[in-house]
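1. Sharing a model prediction with you, sequence too.
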Amino acid sequence: MPPTSSPRLLTALFCLTSVWALATDTLAQTPATTGAPTRSTSPGPATLVDLDALIRVESRSMGADGVARSSVYEENFMRRGPQVWTRRIIPRQAPVHAHDKDEKAGHKHLDPFEGGRLITLVDGKPQMSLILPHEKTVVAIPSVDFGNLGFDGSWERAYHLVTQRELSALQPTTRKSDIPGTQWYEKKGETTESVLWDRQRMVARVIESSNRQGNQWRRVTLLPQSDLGKTVPWDAQRIQTYEQLRYSDFLD
């Protein structure tokens, strides 16, 4: 995927820099469609809202070679209490990985896109596991290896898609939104960053980033599902028979 033009705000959907230690703002909650723009409630430790959604990530870039490149992918997104789970949606047309298990005797292959990534807040610190239902395996990921799997350690960004500090750095705008209870925020400079914040669901509905030259653009869109699923992929009864492995078990 082309590099994003905003490393702090959009390093990736799930490329997540600080741990959960940012205090909650007490901010106004005036509807965004009336009157002057006002800041709505930002993410905070007490603002946990269960949610099922689809996330779509789109990016475009123009290289120095004049070649335009674009990418699109989607992920399922679930929140339950202090847990957030994401799983890449692999289209049927995608090539099938050939896992050559005979190349190295006893060597296991780990493909994080075959399963889901579960991030849990425990005693103020994030813990990460990969749930691989096809392999019936749970893989514990130590914090030193979070970055190898696209997680920068910020449970707040994983859960809300944007941190309180990042949202507070943007200013409310008069840009209209058709989604009730949402407010657009923006910051302009070498890079223009925009966030559509949903104060009821406590999540960014849209995150946009583009540079002044117009050769880098990225958009993350979250589409909530109408009903919460009754079961979750990491249900204790479901995974109690799964093999419990560590990330080091897959290293050469």
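-> That came in fine, so what should we check first? Residues are numbered from 1 along each chain as shown.
2. Show me where the stretch 101-250 of the chain has its helices.
-> 155-160, 164-168, 236-239 (DSSP state H, counting those that start in this stretch).
3. and Lys125, which of the ones you listed is closest to it?
-> Set against Lys125 and scored by Cβ to Cβ, the helices of the stretch 101-250 of the chain come closest in helix 155-160, at 8.0 Å. (Glycine included, C-beta is placed from N, CA and C.)
4. Please name every helix or strand in contact with the closest one.
-> Judged by 3 or more Cβ pairs under 8 Å, 6 or more residues apart in numbering; DSSP states H and E, helix 155-160 is in contact with strand 83-88, strand 116-122, strand 203-211.
5. Can I get the last one as CSV, trimmed to CA atoms?
-> Only the C-alpha atoms of strand 203-211 are listed here, as CSV (Å, rounded to 0.1, in the frame of the first residue of the first chain):
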residue,chain,number,x,y,z
VAL,A,203,-15.7,6.3,16.9
ALA,A,204,-14.4,8.0,13.8
ARG,A,205,-16.8,7.4,11.0
VAL,A,206,-14.5,8.9,8.3
ILE,A,207,-10.8,9.8,8.4
GLU,A,208,-9.4,11.6,5.4
SER,A,209,-5.8,12.7,4.6
SER,A,210,-4.4,14.4,1.6
ASN,A,211,-1.3,16.5,0.9
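6. what are the pairing partners of it, and which direction each?
-> Using DSSP bridges, strand 203-211 pairs in its sheet with strand 191-198 (antiparallel), strand 216-224 (antiparallel).
7. And it, what's buried?
-> Judged by neighbour count using 16 or more other Cβ atoms under 10 Å, the buried positions of strand 203-211 are Val203, Ala204, Arg205, Val206, Ile207, Glu208, Ser209, Ser210, Asn211.
8. Nearest to Gln240 among those residues?
-> Of these, the one sitting nearest to Gln240 (Cβ to Cβ) turns out to be Val203, at 30.3 Å.
9. Return the most buried member of the strands paired with strand 203-211.
-> strand 191-198 (a mean of 22; mean count of other Cβ atoms under 10 Å).
10. Dump the helices and strands packed on helix 155-160 to a markdown table, plus distance to Ile131 and mean pLDDT.
-> Below are the helices and strands packed on helix 155-160 laid out as a markdown table (distance: least, Cβ to Cβ, whole Å; pLDDT from 0 to 100):
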| stretch | distance to Ile131 | mean pLDDT |
| --- | --- | --- |
| strand 83-88 | 8 | 96 |
| strand 116-122 | 5 | 95 |
| strand 203-211 | 22 | 97 |
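11. Report the separation between Trp155 and Thr231.
-> Taking Cβ to Cβ, to the nearest Å as the measure, Trp155 and Thr231 are separated by 23 Å.
12. Which of these two has more residues huddled nearby?
-> Comparing Trp155 with Thr231 by other Cβ atoms under 10 Å, the one with more neighbours is Trp155, at 26 against 8.
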